[in-house]
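Chemist: Sequence below, structure please.
(chains A, B, C and D)
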There are 4 protein chains.
Amino acid sequence: MTRRHLEQWFAVTPAADSTVTTATEPGWLSHDAIEQVRGNVPLVYVDAIPVRLDGSGNVTELGLLLRQAADGTISRMFVSGRVQLNERVREALIRHLEKDLGPLAMPQVPPNPAPFTVVEYFQDPDRSGFHDPRHHAVSLAYVVPVAGDCQPTQEALDLAWYSPSEAVSDQVIGDMTGGHDRLLRLALAHVGQLP
Amino acid sequence: MTRRHLEQWFAVTPAADSTVTTATEPGWLSHDAIEQVRGNVPLVYVDAIPVRLDGSGNVTELGLLLRQAADGTISRMFVSGRVQLNERVREALIRHLEKDLGPLAMPQVPPNPAPFTVVEYFQDPDRSGFHDPRHHAVSLAYVVPVAGDCQPTQEALDLAWYSPSEAVSDQVIGDMTGGHDRLLRLALAHVGQLP
Amino acid sequence: MTRRHLEQWFAVTPAADSTVTTATEPGWLSHDAIEQVRGNVPLVYVDAIPVRLDGSGNVTELGLLLRQAADGTISRMFVSGRVQLNERVREALIRHLEKDLGPLAMPQVPPNPAPFTVVEYFQDPDRSGFHDPRHHAVSLAYVVPVAGDCQPTQEALDLAWYSPSEAVSDQVIGDMTGGHDRLLRLALAHVGQLP
Amino acid sequence: MTRRHLEQWFAVTPAADSTVTTATEPGWLSHDAIEQVRGNVPLVYVDAIPVRLDGSGNVTELGLLLRQAADGTISRMFVSGRVQLNERVREALIRHLEKDLGPLAMPQVPPNPAPFTVVEYFQDPDRSGFHDPRHHAVSLAYVVPVAGDCQPTQEALDLAWYSPSEAVSDQVIGDMTGGHDRLLRLALAHVGQLP
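Modeler: Below you'll find the predicted structure:
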């Protein structure tokens, strides 16, 4: 089932914005506050590429969510989200992984704090090749092995696992937007599995 | 000459805040705007550790500025500053390096976009060991070889070059604040020169 | 119990050489063969620093073996050994980890094939700061989380777990030889835990 | 001009073996010695991907040599060679870069000793995807900016510079053997330039 089919099946509402919510939880921002921030500074984001490893540490599968992307399309994408005020980067990674993959995913965030690459999302799609129509974000990208049971929660419609060669196939790549297909290839290169 | 002496010699004014200025330049924020941002989200920063290399790529010296730190002290510190809205991380690195080391420094920003470590500055000094009394900032740290003539400009009082063993001596470390002495050791480890 | 005490308690025999054995297993070399190799080329080695992680991926403990080092002393050291002919680097890592930590250690070799640093062991102790009296070896060093039960096997006398600050204490550092204390600090810096 | 044309034009002799030479220079091995080593252990190699950078550190071009590869074909390939006994990895990098690019290339070997990836060459082409018919080699791969004038020397027929998108075109990839086309893509991913 492709993205285009899904967009026909679902009544796609204007892009859900996971950075905005009612101000009852600490760290979450009102609509006005986030708009003011977006007009002034880049946001700090994390991207997590969930992977399954064999016993020797080779990546056998990558996990891709099917969900509404920032541009409103139903897309295959990685776990991604904002780092909140006074939150450690690791805490943000765990929070977003558990929110998207469920509480039993057992993500193994790597001990090295350095991301394998930095993804610069701009409102201008041509600025860096990575695009977010909502704002400028600087995202730290990590490959995160998950050992437990994953069940997509909240806004995701589906979670599917692909081998490295399946993941870079035209069919899967065709369902990715905003430069996530390039992030996929950067992640595969980082783990030595780029076909 | 130590930091304490300098603080006696100079009439230290409240911490100069390089993120605030008159709104005439694009990317710069008014005092009110920056305060509103700081109360809502972490800022994106870059830290650059200027180094001199020998012909084989070994680090022979590290450059440390003497300037007023975020906490108001006169400290030995690296090149550090904010990434502005719609600015590439590389552009921010070059901008801050040229601002602090002068236009002839010829900094050689590495081709790999991933920082060697991520420094999380919090207002709470105990949160991560890295401290900025003004705000929460997530900083991408890079070791940057400089090949040209460096002349400290603007707010810096001095730029001094230290060998790896001098840099980690009590005398130099004693003039560093906010966790920059730890960043120094992380940088030396990254280049295989930690004594 | 310190290294010096142990050297008095044990009748220390000439350095056991894990690269030499009877030629019954594939990959293992006769004494003559290894001597000829050592006189001609550097050997390929791996070093693995076993760590325990908390739920967020922070290193809480490092594992150090107590065993006879290459120089004949009883030392605190990491898992270390040769990559054999036609063996993948990952396979060598797993083989040495299981040999030293036991079959239930469940080492999680990271998916990225790049080591966090390269350790160059020379017969001349002053060449690089890393010393092996037997030969020149180029070692790929990895931080490897272990999730299971570790029981030192074969030639190790003991396996002890230390917090980052304990590991760099004079007492522990004093029991390390050949530059392993420096490798320890490089590993701690890589995981952002250098005190 | 493609590889196939060149193979018709040149009387291709059996693969020149840069690891073998007369024993007059220190570090070089006799034919018998290298054969004995190859039958017993993997060799330590370095691969260097020469790049041109713009003022911000973005890779604008990659340098590819046209030379006889290990498999006897005339191929587009990177700078590659053995680390000799008692030679530092950095020294080997500089030596091979100067041998292949000429004495005025001014290679800027990065200060970080860790390679961006590890390439495992096996005699079996299916073992890792990287192939050397002569031996098993474990190669540390580095991206090396070159600032000076490059003139291919010794065994290379040509040195050509390609933009990232040209480098991954079918025409250039088609002239690469032994897995070097994959190494090219891993290098481009490392510098954030994989198209």
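Chemist: I'd assumed A:Tyr142 was in contact with A:Val109.
Modeler: Yes: between A:Val109 and A:Tyr142 there is a contact at 7.0 Å, judged by C-beta atoms under 8 Å. (Glycine included, C-beta is placed from N, CA and C.)
Chemist: tally of neighbours for the residue in chain A that chain D sits nearest to?
Modeler: Taking C-beta to the nearest C-beta, chain D has its nearest neighbour within chain A at A:Ala189, 3.2 Å off. Per other C-beta atoms under 10 Å in any protein chain shown, the neighbour tally for A:Ala189 reads 22.
Chemist: wait, is it part of a helix?
Modeler: Yes: counting by DSSP: H, G, I helix; E, B strand; the rest coil, one finds A:Ala189 located in a helix.
Chemist: Distance of it relative to C:Glu166?
Modeler: Noted for A:Ala189: a distance of 37 Å to C:Glu166, by C-beta to C-beta, to the nearest Å.
Chemist: List the residues that contact the closest residue to A:Met106 other than its chain neighbours.
Modeler: Once flanking residues are discounted, A:Met106 sits nearest to A:Gly148: 3.3 Å by C-beta to C-beta, 6 or more residues apart in numbering or on different chains. Counting by C-beta atoms under 8 Å, 6 or more residues apart in numbering or on different chains, A:Gly148 touches A:Leu104, A:Ala105, A:Met106.
Chemist: How about A:Ala167?
Modeler: Contacts of A:Ala167 by C-beta under 8 Å, 6+ apart are A:Leu62, A:Leu64, A:Leu184, A:Leu188.
Chemist: out of those residues, which are inside helices?
Modeler: A:Leu184, A:Leu188 (DSSP state H).
Chemist: So in chain A, where's the weakest helix or strand by average pLDDT?
Modeler: Ranked by mean pLDDT, DSSP states H and E, the weakest helix or strand in chain A is helix A:3-9, scoring a mean of 51.
Chemist: right, and the helix or strand after the longest helix belonging to chain A?
Modeler: Looking across chain A with DSSP H, the single longest helix is helix A:89-101. Next along the chain after helix A:89-101, taking DSSP states H and E as the criterion, comes strand A:117-122.
Chemist: what sits up against the helix or strand just after that next one?
Modeler: For strand A:117-122, the following helix or strand on the C-terminal side (DSSP H and E) is strand A:130-131. Residues from elsewhere that reach strand A:130-131, judged by C-beta under 8 Å, 6+ apart: A:71, A:119-125, A:177-179, A:182-183.
Chemist: so does the longest helix of chain A get close to chain B?
Modeler: Yes: residues of helix A:89-101 contacting chain B under C-beta under 8 Å from any C-beta of the partner chain: A:Val89.
Chemist: Can that helix be said to contact chain C?
Modeler: Yes: using C-beta under 8 Å from any C-beta, helix A:89-101 reaches chain C at A:Arg90, A:Glu91, A:Leu93, A:Ile94.
Chemist: What score does the second one have for pLDDT?
Modeler: With respect to pLDDT, A:Glu91 has a value of 97.
Chemist: quick one: it and A:Gly81, what's the gap?
Modeler: Taking C-beta to C-beta, one finds A:Glu91 at 12 Å from A:Gly81.
Chemist: residue contacts, A:Ser128?
Modeler: A:Glu120, A:Tyr121, A:Phe122, A:Gly179, B:Arg88.
Chemist: contacting residues around the residue lying closest to the last one once chain neighbours are set aside?
Modeler: It refers to B:Arg88. Nearest non-adjacent residue to B:Arg88, counting by C-beta to C-beta, 6+ apart: A:Glu120, 6.2 Å away. By C-beta under 8 Å, 6+ apart, the residues touching A:Glu120 are A:Arg127, A:Ser128, A:Phe130, A:His136, A:Ala137, A:Val138, A:Ser139, B:Arg88, B:Val89.
Chemist: let's see it at 7 Å
Modeler: A:Ser128, A:Phe130, A:Val138, B:Arg88, B:Val89 (C-beta atoms under 7 Å, 6 or more residues apart in numbering or on different chains).
Chemist: If you rank the residues you listed by neighbours, which is first?
Modeler: Going by other C-beta under 10 Å, A:Val138 tops the contacts of A:Glu120 with 24 neighbours.
Chemist: So that one versus chain C, what's the distance?
Modeler: 19 Å (C-beta to the nearest C-beta, to the nearest Å).
Chemist: what packs against the longest helix of chain A?
Modeler: strand A:43-53, strand A:79-82, strand A:137-145 (3 or more C-beta pairs under 7 Å, 6 or more residues apart in numbering or on different chains; DSSP states H and E).
Chemist: Show me which parts of that helix are buried, residue by residue.
Modeler: Neighbour-count burial for helix A:89-101, counted by 16 or more other C-beta atoms under 10 Å in any protein chain shown, picks out A:89-101.
Chemist: Now find how far off-centre stretch A:150-162 is within its chain.
Modeler: In terms of C-alpha atoms, centre = their mean, to the nearest Å, the centre of stretch A:150-162 is found 12 Å from the chain centre.
Chemist: Enumerate the positions of it that are buried.
Modeler: Here stretch A:150-162 shows A:Cys150, A:Pro152, A:Ala156, A:Leu159, A:Ala160, A:Trp161, A:Tyr162 as buried, counting by 16+ other C-beta under 10 Å.
Chemist: Show me which of those residues is closest to C:Asp170.
Modeler: A:Cys150 (45.6 Å; C-beta to C-beta).
Chemist: Spell out which parts of chain A neighbour chain C.
Modeler: A:51, A:53, A:56-59, A:90-91, A:94, A:108-113, A:143, A:145, A:190-192 (C-beta under 7 Å from any C-beta of the partner chain).
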